[in-house]
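Novice: please find the sequence and the predicted model below.
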Amino acid sequence: MPEHNLLFFLGAFLFSSGLYIVFTKKNAIMILLGIELMLNAANLNLVIFNQLTTGYDGQFFALFVIVVAVCEAAVGLALIFRIYHYFHTSVPDQFSDLKEIN
Amino acid sequence: MTETISSSFSLWLAFCVLGIPLLSALICFIISDKVAWLAPLFSSLLIMTSTIIAIILFFQITKTGTFSYSWPWISISQKTIHAGILLDSKIMIMVLVVNLVSLVVHLFSISYMAEDNALVRYFGMLGFFTFAMIGLVMSSNLLVLFCFWELVGFSSYRLIGHWHEKPEAVNAATKAFIINRVGDLGFLIGLMILWSYSSNLDITELTPNYIPSGWLTAAGACIFIGVISKSAQFPLFNWLPDAMEGPTPVSALIHAATMVAAGVYVLIRIENLFTTEVFVVISIVGVITAIAGAMGALFQYDIKKILAYSTISQLGYMVMAVGSGAAEGGYLHLLHHAFFKAGLFLAAGAIIHAMYQSYHHHEVKIDVQDIRNLGGLRKKLPITFLSFIICGAALAGIPFTSGFVSKELILTQMAQWSGIAFSWKWFILIGAWMVSFVTPIYIFRMIWFLFLKDAKHQLEIIEVPLIMRIPMLVLSLCSLALFVTFAPFHISSMINFLLATFPAMNLSITILSTLMVVISLISAYFIYSKNDLHHAREFLFPHFYLDWIYDQTLIIANVWAEFVHKIDRKVIDKLIHGITYFQVTVAHLVGWTDRFLVDGLVNGVAYSAKGIGTITRSLANGKIQSYLLWTLAGLLIFILWVLS
């Protein structure tokens, strides 16, 4: 159990780091990296919970998450590319079209 | 069954009479400028058709009696205003007069306006005016009548300003329009008072029974203000001489024969609503206008301005007659006046036209409307001379003309009204006789200057074309007593048929008025034949000391004017200033309250709303990461709330 506790802390640390990166980093690519980190933390948790129970549900689910994460990274990168093409920057602070223009 | 057929026949005819002039106006507004030369022809033809239909309708109405038709127009909380037409022989004769005068003016204009470059607009507005005037005469409801009253004023405005290149014409049009607005306001207030007390504006159903007499007087006075402005009565008559800036046929149709008579017509239509006090006001205003107009006509030099002042005087005469219990006489005079004054105006138009052509041909630049520049036209314009003499005689009230008959009726009825005992009514009566004395003098003056006196400039003048001569002759014919009554010295026959009651003829009044006209004409002859143009003063009259009297009158008038001026400066201006200061102070107080209390409250609410808005808005700053942060915060709060 203690080693499991340690792994849980690792997952929590990874998730917090990802969240921190998402909130603080300026570049959109770094934000994407943060998201990947959070996904990996979730994956880690899935694998750990699989260890505590019988069967392989958690591990398979982790595999699915990895596949989805790849797709998500591809779509995210494509989006960032388009944004860069449109705004000539990939820093989210420099475009605020969602804000009402006044 | 036959009754319904004949009544629907009357209705159709009435709509035709009303609609054909409107059709003429509409066609004029839609045709292109390329075929503008067609406009005079077909609008004249349409008006002619309408006149013929009006004649048929006239005989139909005299056969079937009063005809009325109405339909609901506006409904407000169970109170309905009906729009409708009311026709009896008295109204029909007015419709006929409007149509006939409009027709001859259309014909006259074909030649008079031939060189104008806005023919379409001119004839369109003439047709529109005819439509509005006939609607005014026919309508049985005061509100509908008011609408037509406004339309008539509008077309008058457009036609006065027809030559809008001339600034004088534009100013005159604006002046006429604005002065008429004052009266229209009065008219509308009067209608509101009537409506609020009787909930009915139908002329035949309006009775003074349910209305308190104070309010009835107020309503009558307010409607009379409308009449004052429309019929150019004493305080508001100054727009009419200015309105002579318009084309002369327009002056003949609108500012002499029909529109200005609309006020008198309305007075006669709603006569039963007026209280005694209102009648007093009406007769006093009328007599002042009649005398002032006659005096104005005596001293003017512009041929059209003389006729304008004469119109003012005659309108005052009619209003005075209505106010002094001679409404029938006033109405008859209105109809006669329409013919002979339109005839005089058309003759003046013919003179202006002929002189303009001649001067233009010889390249002389003189004011063709100044009677001092004219003269000796008797031989050169014989037809114009003839019609001017006949119409002028009718205006002066010479026996065997229509003017004599109506003047006779007015004076007889007024004599009955004033009674034997001396009262203020005698002053009105004396005023009426004075006007009858002055009128022949100024009309003689015109004829003398225009036709009898030798010309100042010897120029070749060509008689006006046939299309201008026929209208003048038609109107002259209508001004003859033979046309209106078969017994020129007796008030009967034709009038008998028009009026319900007519007074017995008073021989002494007939003899007296005839004598008066003769004396007046003889004295006028002596004034103007002895006095040739070398004298600067044009009203020299040494034998009778009239000169001195006029001087004294002028001096008194000057003193009076000074006095009035002083009162105006010292009292009225001070009063107005005081009121103004008071108003400004009150306004400041109100302004302060408004700024600090009312505005403060409103601004406070607005500021707080804005503050809340700013706080809320700062969350939505367009940055993805801050959105995410706030989402996370929300999620955390939710989780904590769920867990606890």
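Specialist: Sure thing, it's come through.

Novice: report how many residues lie close to the closest residue to chain A within the stretch 351-500 of chain B.
Specialist: Nearest residue of the stretch 351-500 of chain B to chain A (Cβ to the nearest Cβ) works out as B:Q369 at 66.7 Å. Where C-beta positions appear, they are placed from N, C-alpha and C, glycine not excepted. If you count neighbours by other Cβ atoms under 10 Å in any protein chain shown, B:Q369 ends up with 20.

Novice: centroid residue for chain A?
Specialist: The centroid of chain A falls nearest to A:I35 when counting by Cα atoms, centre = their mean (2.0 Å).

Novice: any idea which residue sits dead centre in chain B?
Specialist: B:V260 (2.0 Å).

Novice: gap between that one and chain A?
Specialist: 61 Å (Cβ to the nearest Cβ, to the nearest Å).

Novice: ok, that residue - contacts?
Specialist: Counting by Cβ atoms under 8 Å, 6 or more residues apart in numbering or on different chains, B:V260 touches B:230-232, B:240, B:254, B:311, B:315.

Novice: one more pass at 7 Å, please.
Specialist: For B:V260, the contacting residues are B:230-232, B:240, B:311, B:315, by Cβ atoms under 7 Å, 6 or more residues apart in numbering or on different chains.

Novice: same check, this time on B:G246
Specialist: Taking Cβ under 7 Å, 6+ apart as the test, what B:G246 contacts is B:159-160, B:162, B:169.

Novice: pLDDT value on it, please?
Specialist: pLDDT, B:G246: 86.

Novice: how deep is the residue lying closest to it once chain neighbours are set aside tucked in, by neighbour count?
Specialist: With sequence-adjacent residues excluded and distances taken as Cβ to Cβ, 6 or more residues apart in numbering or on different chains, B:G246 is closest to B:I160, at 4.1 Å. Using other Cβ under 10 Å, B:I160 is surrounded by 29 other residues.

Novice: quick check: B:I160 touching B:A172?
Specialist: Yes - when contacts are counted by Cβ atoms under 7 Å, B:I160 is listed as touching B:A172 (5.4 Å).

Novice: list residues touching both of the two?
Specialist: By Cβ under 7 Å, 6+ apart, the residues touching both B:I160 and B:A172 are B:243, B:245.

Novice: need the helices for chain A, in chain order.
Specialist: Taking DSSP state H as the test, the helices found in chain A are A:2-24, A:28-52, A:57-87.

Novice: who does the first one touch, helix- and strand-wise?
Specialist: With contacts taken as 3 or more Cβ pairs under 7 Å, 6 or more residues apart in numbering or on different chains; DSSP states H and E, helix A:2-24 sits against helix A:28-52, helix B:624-643.

Novice: now the angle from that helix to helix B:624-643?
Specialist: Per axes from the mean of the first three to the mean of the last three Cα atoms, to 10 degrees, the angle that helix A:2-24 makes with helix B:624-643 is 140 degrees.

Novice: now helix A:2-24: average pLDDT?
Specialist: For helix A:2-24, mean pLDDT rounds to 88.

Novice: and residue 90, how many neighbours?
Specialist: Let's take chain A. Using other Cβ under 10 Å: A:S90 sits among 19 other residues.

Novice: try again with chain B
Specialist: 17.

Novice: correct me, but B:P399 touches B:S513?
Specialist: No - assessed by Cβ under 7 Å, B:P399 is found out of contact with B:S513, at 9.0 Å.

Novice: which one of the two has more residues nearby?
Specialist: B:S513 (20 against 17).

Novice: what's near enough to touch that one?
Specialist: Contacts of B:S513 (Cβ under 7 Å, 6+ apart): B:397, B:407-408, B:411, B:436.

Novice: so what strands line up beside the strand or helix carrying B:W73?
Specialist: If you go by DSSP states H and E, B:W73 is part of strand B:67-76. Paired strands of strand B:67-76, with direction, are strand B:79-87 (antiparallel) (DSSP bridges).

Novice: just the CA atoms of the partner strand, as PDB, please.
Specialist: Taking C-alpha atoms only, strand B:79-87 is exported to PDB below (Å, rounded to 0.1, in the frame of the first residue of the first chain):
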ATOM      1  CA  LYS B  79     -67.800  56.900 -29.800                       C
ATOM      2  CA  THR B  80     -67.800  56.900 -33.600                       C
ATOM      3  CA  ILE B  81     -66.800  59.700 -35.900                       C
ATOM      4  CA  HIS B  82     -68.700  59.500 -39.100                       C
ATOM      5  CA  ALA B  83     -67.300  60.800 -42.400                       C
ATOM      6  CA  GLY B  84     -70.000  61.900 -44.700                       C
ATOM      7  CA  ILE B  85     -71.400  64.200 -47.300                       C
ATOM      8  CA  LEU B  86     -74.300  66.500 -46.900                       C
ATOM      9  CA  LEU B  87     -75.900  68.100 -49.900                       C
END
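
Novice: on that earlier part again, pick the most buried one from the helices and strands packed on helix A:2-24.
Specialist: helix A:28-52 (a mean of 18; mean count of other Cβ atoms under 10 Å in any protein chain shown).

Novice: other residues contacting the strand holding B:W73?
Specialist: Identification of contacts with strand B:67-76 by Cβ under 7 Å, 6+ apart yields B:7, B:10-11, B:61, B:80-87, B:140.

Novice: 8 Å instead?
Specialist: So strand B:67-76 is contacted by B:7, B:10-11, B:14, B:61, B:80-88, B:140-141, B:144, B:202, B:204 (Cβ under 8 Å, 6+ apart).

Novice: name the residues of that strand that come out as buried.
Specialist: The neighbour-count check on strand B:67-76 (16 or more other Cβ atoms under 10 Å in any protein chain shown) flags B:67-70 as buried.

Novice: list just the nearest of the contacts of B:V260 to chain A.
Specialist: Closest approach to chain A among those (Cβ to the nearest Cβ): B:K230, at 56.5 Å.

Novice: closest point of chain B to chain A, which residue?
Specialist: When distances are taken as Cβ to the nearest Cβ, chain B reaches nearest to chain A at B:G622, 2.7 Å away.

Novice: wasn't that residue part of a helix?
Specialist: No - assessed with DSSP: H, G, I helix; E, B strand; the rest coil, B:G622 is coil; it does not lie in a helix.

Novice: find the nearest non-adjacent residue to B:I91, please.
Specialist: Setting aside the residues directly before and after it, B:I91 is nearest to B:V137 in space (Cβ to Cβ, 6+ apart), at 6.1 Å.

Novice: show me the contacts for the one you found.
Specialist: Here B:V137 is in contact with B:91, B:94-95, B:98, B:265 (Cβ under 8 Å, 6+ apart).

Novice: coming back round to it: my guess is the residue nearest to B:G246 contacts B:N180. True?
Specialist: No - look at B:I160 against B:N180 with Cβ atoms under 8 Å: they stay out of range, at 10.9 Å.
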